[in-house]
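> Here is my input; please provide its structure:
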Amino acid sequence: MAVIEAHGIRKAYQKNTVLDGVDLTLGEGESVAILGPNGAGKTTTIEILMGFLARDAGQVSVLGADPSKSQSPQWRARIGMAIQTGHDHPKWRVIEYLNWIHEHYDASPQLRTVDEAIEIFDLTEHAKKPLLKLSGGLRRRVDLAAAVMNRPELLVLDEPTTGLDPAAKRAVHDVVADQMDNGTSLLLTTHDLAEADRLASRILILDEGRIIADGSPQALREQVESMVEITWQQRGGRHLHVAAEPESFVRNLLRDDDVTGLEVRRTSLEDAYLALVNRQKERPAAWTSHEQVGNDKRDGVTASSERK
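The predicted structure follows:
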């Protein structure tokens, strides 16, 4: 059974269409990252999937229930969330907030104590600080401590490491990876391509309210990996050559004793992401309407095609 199954999600604010027919699935134990430029609709997608925002059209099932309808505490307890739409109690301190979260979960052997959650995210010295006085990075760590306290079946993270230093990011990644090793399904949005590459088994690229690509990190690379960049120093200058099959070209370069600083760079996830987004923006105007007519599937990547 799919943990999340969504079809045809649409959302608009007056004349501004934010989501335009988004389809999304997340299987048991799967980890999916949603990438996209600012304003692409990532946070709106998360808010609709979690029942915090009404959709205009489409069907959504999360853990077998429609999140737009009133859900039981038992259903909510199966989900851990760290999203960007929360509001803080004006007088609460970190320890009070985490205690309040803990009280909402039924006692079970898998439930972490508040002290464990505080220790995991290195919050001990901040436990008595008011939530409203925390830095953005510290506030994210508190949100994450709350999200993993119940070792949820589904973990939903919206830009989870924004504002965190490299050490804190690594700690978050380790905790999330541990959750996934124990069967948790993960849905996250992120601007950090390295984070998506590390945590996600599948990546969706969302742009202008539509999913424009869906595949594993490697499959996305392979979709634009037909070219390889070769750079080298020769006769006092730096040179660049792009080739689909670089082996023979590199062999010829290596025969020249004057060649130094030879580098061969294959497509990174960042290259793939930028190429796919730019390809979408370069489409002719006749290919930008709402009617989906087909999917182009290559090497494990689904790229949506739409036309008027």
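> Angles on the backbone of Ser248, please.
Main-chain dihedrals, Ser248, degrees, to the nearest 10: phi -70, psi -40.
> And the pLDDT for it?
pLDDT, Ser248: 85.
> again with Ala117
pLDDT for Ala117: 92.
> Lowest average confidence across helices and strands of the protein, where is it?
Counting by mean pLDDT, DSSP states H and E, the weakest-scoring helix or strand in the chain turns out to be strand 292-298, with a mean of 37.
> which helices and strands does the helix or strand where Ile34 lies pack with?
Under the criterion of DSSP states H and E, Ile34 resides in strand 31-35. Of the remaining helices and strands, those touching strand 31-35 by 3 or more CB pairs under 8 Å, 6 or more residues apart in numbering; DSSP states H and E are helix 42-49, strand 185-189, helix 193-199, strand 202-207. Backbone N, C-alpha and C define where each C-beta goes, glycine included.
> buried ones in the third one?
Judged by neighbour count using 16 or more other CB atoms under 10 Å, the buried positions of helix 193-199 are Leu193, Glu195, Ala196, Asp197, Arg198, Leu199.
> before we move on, the earlier item: tell me which of the helices and strands packed on strand 31-35 is the most buried.
Of all the helices and strands packed on strand 31-35, strand 185-189 has the most neighbours on average by mean count of other CB atoms under 10 Å, namely a mean of 25.
> Neighbouring strands of that one in the sheet, and parallel or not?
Sheet pairing of strand 185-189 (DSSP bridges) gives strand 31-35 (parallel), strand 154-158 (parallel).
> a markdown table please, covering the ones you listed and showing distance to Arg141.
Listed next are the strands paired with strand 185-189 as a markdown table, based on distance: least, CB to CB, whole Å:
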| stretch | distance to Arg141 |
| --- | --- |
| strand 31-35 | 20 |
| strand 154-158 | 12 |
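> between the ones you listed, which gets nearest to Asp207?
Closest of those to Asp207 is strand 31-35, at 9.1 Å (criterion: CB to CB).
> Specify the angle between that closest one and strand 202-207 in degrees.
Relative orientation of strand 31-35 versus strand 202-207 (axes from the mean of the first three to the mean of the last three CA atoms, to 10 degrees): 20 degrees.
> what are the C-alpha coordinates of strand 31-35, in CSV please?
Extracted as CSV, the C-alpha positions of strand 31-35 are listed here (Å, rounded to 0.1, in the frame of the first residue of the first chain):
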residue,chain,number,x,y,z
SER,A,31,12.4,8.3,0.5
VAL,A,32,11.3,11.0,-1.9
ALA,A,33,12.8,14.5,-2.2
ILE,A,34,10.9,17.4,-3.9
LEU,A,35,13.3,19.8,-5.6
